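Asker: My questions concern the predicted model and sequence given below.
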Amino acid sequence: MRRRRQAESGMTLLEILVSMTIMVSMLVIAWSTFSGGHLLKRQSDTANDRFLEIRVAMGRMVDDMSSAYISANEDQSQQERRTLFIGKDGSDVGELRFTSMAHRVLWADANESEQTLIYYYAESDTEDSSKTNLLRRESRRLSNDQWEQEPAEIEVLLRDIEKVGFEFYDWRDKDWREDWDSTSQDGQRGKLPSRVRITVELENSRGDDVKFVSQARIMLQEELKFFTN
């Protein structure tokens, strides 16, 4: 009788151990599934936020460039032109400086208009010098003084970029150019490209290079001329 009770007790303890092992295994599987799903969601949210940042930035550049213009009604002998369109190809990040009618006046009776000077350029991140940001500099007023000395608002347009390129379509030659200068003495003087191709390259969370491309169509290709009697 005593041996039978001991055997029954041994079988019950073994069953408890097996049940606990199965339960722990199920908890481990459940936690792994939950942890993996949470990590995947976090990575997806990060990627979506990054893509939204890129779309907003490229949309902003397209809007700026679409309203680009140059005017013939200014002193042509001045070294610093009030209106211009100058794009330079860079090794990794190009530069683009142009006048536009894309400025938004936010205050009533403000001493400013829709005309503005916009400059896109690259600069190292202030907190991490290993990263490069694309910056947007906007001057609210146009003058013949050195544009670098004019008051301006500077904002980070895109963070942590690898490459940003600008290409300019010459509607007369029907070809893309890597540089454009409306103040030079060659065939681009007093002219604007009909389109600007914007290419942004960056590295995603997996370390792969991702490329985004958009185009801005400039409404005015010829310089503005106003005649007075």
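Answerer: All right, it came through fine.
Asker: Tell me which residues are up against the helix or strand where Thr99 lies.
Answerer: Thr99 is part of strand 95-100 when elements are defined by DSSP states H and E. Here strand 95-100 makes contact (C-beta atoms under 8 Å, 6 or more residues apart in numbering) with 64-65, 67-70, 82-88, 115-122, 142, 147, 166, 196. (C-beta placed from N, C-alpha, C; glycine too.)
Asker: ok, of those residues, which come out buried?
Answerer: Neighbour-count burial (16 or more other C-beta atoms under 10 Å) is assigned, among the contacts of strand 95-100, to 64-65, 67-70, 82-87, 115-122, 142, 147, 166, 196.
Asker: immediately after the strand or helix carrying Glu15, which helix or strand?
Answerer: Secondary structure assignment for Glu15, by DSSP H and E: helix 2-66. Downstream of helix 2-66, the first helix or strand assigned by DSSP H and E is strand 85-88.
Asker: And that next one, how far out from the chain middle?
Answerer: On the basis of C-alpha atoms, centre = their mean, to the nearest Å, strand 85-88 sits 18 Å off its chain's mean C-alpha point.
Asker: Over to stretch 170-190?
Answerer: Stretch 170-190 sits 25 Å away from the centroid of its parent chain (C-alpha atoms, centre = their mean).
Asker: again with stretch 89-103
Answerer: How far stretch 89-103 lies from its chain's middle: 13 Å, per C-alpha atoms, centre = their mean.
Asker: In it, which of the residues would be classed as buried?
Answerer: Residues of stretch 89-103 classed as buried by neighbour count (16+ other C-beta under 10 Å): 93-94, 96-100, 102-103.
Asker: Lowest-scoring secondary structure element of this structure by mean pLDDT?
Answerer: Lowest on mean pLDDT, DSSP states H and E among the helices and strands of the chain sits helix 2-66, with a mean of 75.
Asker: What ranges in this protein fall below the confidence cut-off?
Answerer: By pLDDT under 70, the weakly predicted segments of the chain are 1-11, 34, 36-46, 105-112, 205, 226-229.
Asker: So what sits opposite the nearest residue to Ser66 once chain neighbours are set aside in the bridge?
Answerer: Computed as C-beta to C-beta, 6 or more residues apart in numbering, the closest residue to Ser66 that is not its neighbour in sequence is Ala216, at 5.4 Å. In this entry, Ala216 is beta-bridged to Val196, by DSSP bridges.
Asker: what sits against Ala216?
Answerer: The contact partners of Ala216, by C-beta under 8 Å, 6+ apart, come to 61-62, 64-66, 195-196, 198.
Asker: Mind picking the two most distant members of those residues?
Answerer: By the measure C-beta to C-beta, Asp64 and Arg195 form the most distant pair in the contacts of Ala216, at 14.0 Å.
Asker: what helix or strand is Trp176 on?
Answerer: Assigned by DSSP H and E, Trp176 belongs to strand 175-177.
Asker: any residues touching that strand, and which ones?
Answerer: By C-beta under 8 Å, 6+ apart, the residues outside strand 175-177 that reach it are 167-170, 193, 197.
Asker: Of those residues, select the buried ones using a ChimeraX command.
Answerer: In ChimeraX, a selection of the buried entries from those looks like this (16+ other C-beta under 10 Å):
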select :167,168,169,170,193
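Asker: Determine which two of the contacts of strand 175-177 are furthest apart.
Answerer: Spanning the widest gap among the contacts of strand 175-177 are Asp170 and Arg197, at 12.2 Å by C-beta to C-beta.
Asker: quick one, phi psi at the nearest residue to Asp89 once chain neighbours are set aside?
Answerer: Distances taken as C-beta to C-beta, 6+ apart place Glu178 nearest to Asp89, at 4.1 Å, with adjacent residues excluded. Backbone geometry at Glu178, expressed as degrees, to the nearest 10, gives phi -90, psi -20.
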